[in-house]
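S.K.: curious how this folds, go ahead:
(2 chains)
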Amino acid sequence: MNNVRVRFAPSPTGWMHIGNTRTAVFNWLLAKKLGGEFMLRIDDTDAMRSKKEYEDAIRDVLLWLGLSWDKEARQSERKQRYDEVRDVLMKQGRIYACWESAEELEVMRKKLMSQGKPPIYDRGALRLSEEDIARYRAEGRRPHYRFKLNDGVIEWDDMVRGHIRYEAANLADPVIIREDGSYLYHLPSVIDDFDFGITHIVRGEDHVTNTAAQIQMFEALGGQAPQFAHLPLLTGKEGKLSKRLGSLGVRELRAEGIENMAICAFLAKLGTSEAIEPWKDLSALAQSLDFSKLGRSQPKFDEEELKLFNHKVVRQMSFAQVKDRLDTTEEFWEAIKGNLDTVQEAKIWSEVCFAQIVPIIEDTQVCAAAAENLDGYCGDDATYNEWINAIKTATGKKGKELFHPLRLALTGTDNGPELKVLLKFIGRQKAKLRLSGQNA
RNA sequence: GGUCCCAUCGUCUAAUGGUUAGGACAUCACCCUUUCACGGUGGUAAUAUGGGUUCGAAUCCCGUUGGGAUCACCA
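M.R.: Numbers count the residues shown, from 1 in each chain, chains lettered A, B, ... in the order given. As a prediction, this is how the structure comes out:
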């Protein structure tokens, strides 16, 4: 184990969705690829919106996906540490009090925008006199606090976007402490990354300007910013960053029968120049991680493609991987798995073969001939072929006219694995009853 | 509006000044299967747009158009 440490830092304010999960997957894969630690950090600084059930769901989903963590922390338990840092930075003048109300700030922003100016905070609070402040206090106002950005160029080498450069003057001093004294995301995040020795941060590109501000925070703490990788954001089919994506829950996908490996591999390879294909396991997938293979434009996430891919994943799963979820034999699994979209669908064929179904008699002549000639069938190819030929001779039917009624009578449905294979499991007895129209 | 990012087959992308513009997914056709499906083989399909630079541009430069991010007392 080296000193590489990577983290996934969700805020428990909603269910795990495809965008979240992608970030988790990349961070986890990077930790494994570099042989480092993976940390789960619950960013619950927003007490109003954070919920225990969301936090539990995050853990459930990560575990189900196979993204286990070596260490964890919760921001709501580290307030003391944040206060310490706050006091130091305040003394240094990097944190300053502001007295504008949210409404006043909103008005200022709108005014600047309408003048064609960037809606950046004007640092009015820094020009306040003692009397001004005393008056605000007397009015019953409570201050919120901002982090003061130093002028100059902020730059870093991003693992996916290359060299990035921002002029600090184009950025607004971020608010880091609310009027009620609680912390906003920026500072606790940096303090934690610093304290826990986080070496790499992978997150969405919506964070790039945050990163610029946070780099100065790392420096203010006397530390050095970790390596950053900002992933292009996923978009929906229609092009826009769809709200559906935000609501596309991993739990729902799981319930639909999408495999954890399908989700991980799909998210890890979408937007890269590599083929989306099944991987043996997560560590093999981790070894394949390469940020230089990622494009810089925003890939479209299509749920249909994920489902198609899931089929491929299911098809190459061994019996050992599914036996705990299915009550069936290896022989049966191997016979039908090529035909499944989800592992759960195996149950459908299991019922068709071993339980009772209602046959559909589409062609009485074919079914009668089939029933009459079934006695010689022994479950092998040779007697199966003899049986088919006998029906063909007796009825003069062939091809679809022959097989469609047989399939309907024997399985009660018009599609599925090869009839020859299914009949082997259905057996002569059951088949005969079904062919004569009886439930069996 | 300021700042930043992006633009190649339907989709994800490769081609770091000279390629018949390549691959994967989807699609279509054919083959296999005496049916559907599964599987196999092959095909169709792209450089947003206008100017430059150059012997030569998908590639470099400028403009246009289009898309996205951010500018929260969310994270």
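S.K.: pretty sure A:A97 sits against A:Y145.
M.R.: Yes - at 5.7 Å, A:A97 counts as touching A:Y145 under the criterion of C-beta atoms under 8 Å. The C-beta positions use only the backbone N, C-alpha and C, and glycine is treated the same way.
S.K.: what about the two, which has more around it?
M.R.: Summary of the neighbour comparison: A:A97 and A:Y145, criterion other C-beta atoms under 10 Å, with A:Y145 having more neighbours (24 against 16).
S.K.: hang on, isn't the more buried one packed against A:Y96?
M.R.: Yes - taking contacts as C-beta under 8 Å, A:Y145 lies within contact range of A:Y96: 6.6 Å.
S.K.: overlap in contacts, the two.
M.R.: A:M90 (C-beta atoms under 8 Å, 6 or more residues apart in numbering).
S.K.: mind jotting down where the strands sit in the stretch 101-250 of chain A?
M.R.: A:144-147, A:153-158, A:162-167, A:175-177, A:200-204, A:227-231 (DSSP state E, counting those that start in this stretch).
S.K.: just put those in JSON lines and tack on distance to A:I133 and mean pLDDT.
M.R.: As requested, the strands of the stretch 101-250 of chain A are exported to JSON lines (distance: least, C-beta to C-beta, whole Å; pLDDT from 0 to 100):
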{"stretch": "strand A:144-147", "distance to A:I133": "13", "mean pLDDT": "97"}
{"stretch": "strand A:153-158", "distance to A:I133": "30", "mean pLDDT": "95"}
{"stretch": "strand A:162-167", "distance to A:I133": "30", "mean pLDDT": "93"}
{"stretch": "strand A:175-177", "distance to A:I133": "16", "mean pLDDT": "97"}
{"stretch": "strand A:200-204", "distance to A:I133": "37", "mean pLDDT": "97"}
{"stretch": "strand A:227-231", "distance to A:I133": "37", "mean pLDDT": "97"}
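S.K.: mind putting these in a markdown table, distance to RNA strand B included?
M.R.: Shown next, in a markdown table, are the strands of the stretch 101-250 of chain A (distance: least, C-beta to the nearest atom of the strand, whole Å):
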| stretch | distance to RNA strand B |
| --- | --- |
| strand A:144-147 | 4 |
| strand A:153-158 | 10 |
| strand A:162-167 | 6 |
| strand A:175-177 | 4 |
| strand A:200-204 | 8 |
| strand A:227-231 | 9 |
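S.K.: deepest-packed of those strands, please.
M.R.: By mean neighbour count, with neighbours taken as mean count of other C-beta atoms under 10 Å, strand A:144-147 ranks first of the strands of the stretch 101-250 of chain A at a mean of 22.
S.K.: please compute how far that strand lies from its chain's middle.
M.R.: Strand A:144-147 sits 34 Å away from the centroid of its parent chain (C-alpha atoms, centre = their mean, to the nearest Å).
S.K.: show me what it is packed against.
M.R.: Packed against strand A:144-147 by the contact rule (3 or more C-beta pairs under 8 Å, 6 or more residues apart in numbering; DSSP states H and E) you find helix A:79-91, strand A:95-98, strand A:175-177, helix A:208-220.
S.K.: who's in contact with that strand?
M.R.: So strand A:144-147 is contacted by A:86, A:89-90, A:94-98, A:121, A:125, A:173-179, A:186-187, A:213, A:216-217, A:220 (C-beta under 8 Å, 6+ apart).
S.K.: what does the residue of the stretch 251-400 of chain A found nearest RNA strand B show for phi and psi?
M.R.: Nearest to RNA strand B in the stretch 251-400 of chain A, going by C-beta to the nearest atom of the strand, is A:S273, at a distance of 2.5 Å. Main-chain dihedrals, A:S273, degrees, to the nearest 10: phi -90, psi 0.
S.K.: what residues are up against the residue nearest to it when sequence neighbours are not counted?
M.R.: Of all residues not flanking A:S273 in the chain, A:K293 sits nearest, at 5.1 Å (C-beta to C-beta, 6 or more residues apart in numbering). Applying C-beta under 8 Å, 6+ apart to A:K293 gives the contacts A:T272, A:S273, A:E274.
S.K.: top of those residues by neighbour count?
M.R.: Greatest neighbour count in the contacts of A:K293, by other C-beta under 10 Å, goes to A:T272: 17 neighbours.
S.K.: okay, and the beta partners of that one?
M.R.: A:L294 (DSSP bridges).
S.K.: OK, contacts around it?
M.R.: Per C-beta under 8 Å, 6+ apart, neighbours of A:T272: A:D290, A:K293, A:L294, A:G295.
S.K.: just these that are near RNA strand B?
M.R.: For RNA strand B, the contacts drawn from the contacts of A:T272 by C-beta under 7 Å from any atom of the strand are A:K293, A:G295.
S.K.: the contacts of A:T272: which two are farthest apart?
M.R.: A:D290 and A:G295 (12.4 Å; C-beta to C-beta).
S.K.: starting at the chain centroid, how far to stretch A:9-24?
M.R.: Offset of stretch A:9-24 from its chain centre (C-alpha atoms, centre = their mean): 7 Å.
S.K.: buried sites along it?
M.R.: By 16 or more other C-beta atoms under 10 Å, the buried positions in stretch A:9-24 come out as A:9-12, A:14-24.
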